[in-house]
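K.L.:
Any chance you could fold what I've pasted below:
(2 chains)
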Amino acid sequence: MADSGERRQALLVFVARDYDQTAEFIRSIVGTSATTRGWAVTVWLAVLGIGVQQSSWGLALLAGVAMAPFVVLDGYQSWLYGRALRHARALERLEALSYVAIESEEDDPDVLDDLDAELATNRFGLYTSFRRFSSRDLLTARPRMVFRVFYPGLAVVAVATALAIGLAHGF
Amino acid sequence: MTASGHIVNLALFDSIDEYCDLLRSGTAISKEAVPETSPVISFCENAFAQFFENEIGVEIAGFGDEEKKRCVRMRKKRKADFSRQARSVMSLYERFCDIFEDVLGAGYGGQSAVLEDFHRLYVLRLISRIGDLASIRGDDALRVRAEDAATGFESAVDEYEWEESDG
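P.N.:
Model prediction:
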């Protein structure tokens, strides 16, 4: 039977492995999100550009509507990112606690109990904490700036351009 | 020592009672953060400041990296000068420094777990460690006040509906 110190060490190895996997997942999500936003701007610019060039208010409006799938896709990626980030932070807290335990075990009477409690309640693995994605999750997608300013901004510019074209050339 | 002769002023614990009312009314935490003007923040800041001034003999205020370093240096270098109870308050202060910004809402994700730990572990422990310190100094008034505050705070924290942690 391993003593409590050895058991702690063994569990911390699992924590480190879990953290590495979560960090890798976050890296891939960040890359995918950046690509999605890049494509969103490219599509928006292309459709809006053609709309302006051809004086077509419908195409200009389409540039705004075309953002919707990107919002959903990016929202899903952001939701995954948020879940992974929470998991990573929980693991970081655990590792930070083990750091504190090593440093101030003799002066802090509760730190080892805290560490044992955290290790015992930690849920190993990122994917098991995922639940089903729902459209409501889009409302809490982060970074908020992207979903409250960036995408709405592109849509507003597209609508304003469509209005300008419509007023100048007739609807 | 405070004017009344305690390491920590007894009136400071009124902030905890006030905060318990806020917890019970569900208004203590807003937007996943404890407001900087909250009575519990005021309690923590003042309790540590008074502890350092009256027990350790230095002025340390706030929860920054520099303050933490000063505290660690003193705890390590002057270990023999301080009681075990005083060192336990110092090490708790160092942990406060690590999470304080997150408590005020600077954290990004997993806030609910941080806030619950802040209440259940950190603040409660601060109150009880002040009580322990009062106990070894024979300051019964402070010990009793700390025990009362800890009991009230623990029950208010238990009654509060914490978000489920999904770490």
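K.L.:
Could you report the pLDDT at the residue of chain A found nearest chain B?
P.N.:
Closest approach between chain A and chain B, counting by Cβ to the nearest Cβ: A:Ala90, at 2.7 Å. C-beta: built from backbone N, CA, C; applies to glycine. pLDDT, A:Ala90: 88.
K.L.:
Enumerate every residue touching residue 29.
P.N.:
You didn't pick a chain, so chain A it is. A:77, A:80-81, A:84 (Cβ atoms under 8 Å, 6 or more residues apart in numbering or on different chains).
K.L.:
I was thinking of chain B, sorry if that wasn't clear
P.N.:
B:Ile29 sits next to B:Leu115 when contact means Cβ under 8 Å, 6+ apart.
K.L.:
give me that answer again for 10 Å
P.N.:
B:Ile29 makes contact with B:22-23, B:35, B:38, B:40, B:103, B:105, B:111-112, B:115, B:118-119, B:160, B:162-163, according to Cβ atoms under 10 Å, 6 or more residues apart in numbering or on different chains.
K.L.:
List buried members of the residues you listed by neighbour count.
P.N.:
Among the contacts of B:Ile29, those scoring as buried are B:22-23, B:35, B:38, B:40, B:103, B:105, B:111-112, B:115, B:118-119, B:160 (criterion: 16 or more other Cβ atoms under 10 Å in any protein chain shown).
K.L.:
and the closest residue in space to B:Ser42 that isn't next to it in sequence, how many neighbours?
P.N.:
Spatial nearest neighbour of B:Ser42, chain neighbours left out: B:Ser15 (5.4 Å); criterion: Cβ to Cβ, 6 or more residues apart in numbering or on different chains. Neighbour count for B:Ser15, taken as other Cβ atoms under 10 Å in any protein chain shown: 20.
K.L.:
So B:Ser15, which state does it fall into?
P.N.:
helix (DSSP: H, G, I helix; E, B strand; the rest coil).
K.L.:
So it versus B:Arg129, what's the distance?
P.N.:
Between B:Ser15 and B:Arg129 the distance is 17 Å, computed by Cβ to Cβ, to the nearest Å.
K.L.:
go on, A:Ala90?
P.N.:
To B:Arg129, A:Ala90 is 26 Å away according to Cβ to Cβ.
K.L.:
Work out the gap between the longest helix anywhere in chain B and the centre of the chain.
P.N.:
Ranked by residue count under DSSP state H, the longest helix found in chain B is helix B:140-159. Offset of helix B:140-159 from its chain centre (Cα atoms, centre = their mean, to the nearest Å): 12 Å.
K.L.:
That one close to chain A?
P.N.:
No - judged by Cβ under 10 Å from any Cβ of the partner chain, helix B:140-159 stays clear of chain A, getting no closer than 14.0 Å.
K.L.:
tell me what that helix is packed against?
P.N.:
Applying 3 or more Cβ pairs under 10 Å, 6 or more residues apart in numbering or on different chains; DSSP states H and E, we find helix B:140-159 packed against helix B:13-25, helix B:39-51, helix B:124-136.
K.L.:
residues in contact with the residue nearest to B:Ser42?
P.N.:
B:Ser15 sits next to B:38-47, B:149 when contact means Cβ under 10 Å, 6+ apart.
K.L.:
Mind listing residues that contact stretch A:68-76?
P.N.:
The contact list for stretch A:68-76 (Cβ under 10 Å, 6+ apart) reads A:29, A:32-37, A:39-41, A:43-44, A:67, A:78, A:81, A:133, A:135, A:137-142, A:146-147, A:150-152, A:154-155.
K.L.:
For the helix or strand of chain B with the lowest mean pLDDT, output the C-alpha coordinates as CSV.
P.N.:
The weakest-scoring helix or strand in chain B, judged by mean pLDDT, DSSP states H and E, is helix B:111-117 (a mean of 85). C-alpha atoms of helix B:111-117 as CSV (Å, rounded to 0.1, in the frame of the first residue of the first chain):
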residue,chain,number,x,y,z
GLN,B,111,-14.7,31.7,-11.6
SER,B,112,-17.3,29.8,-9.6
ALA,B,113,-14.7,27.4,-8.1
VAL,B,114,-12.4,30.3,-7.2
LEU,B,115,-15.1,32.2,-5.4
GLU,B,116,-16.4,29.2,-3.5
ASP,B,117,-12.8,28.4,-2.4
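K.L.:
Show me what it packs onto, helices and strands only.
P.N.:
In terms of contacts (3+ Cβ pairs under 10 Å, 6+ apart), helix B:111-117 is packed against helix A:67-104, helix A:111-121, helix B:84-101.
K.L.:
For the first one, buried residues please.
P.N.:
Of the residues in helix A:67-104, those with enough neighbours to count as buried (16+ other Cβ under 10 Å) are A:67, A:70-71, A:73-94, A:97-98, A:100-101, A:104.
K.L.:
Near chain A, which residues of chain B are found?
P.N.:
Residues of chain B lying close to chain A by Cβ under 10 Å from any Cβ are B:72, B:75-76, B:79, B:82, B:84-92, B:94-95, B:98-99, B:102, B:107-114, B:117, B:121, B:125, B:128-129, B:132, B:165-167.
K.L.:
Nice, that's everything, thank you.
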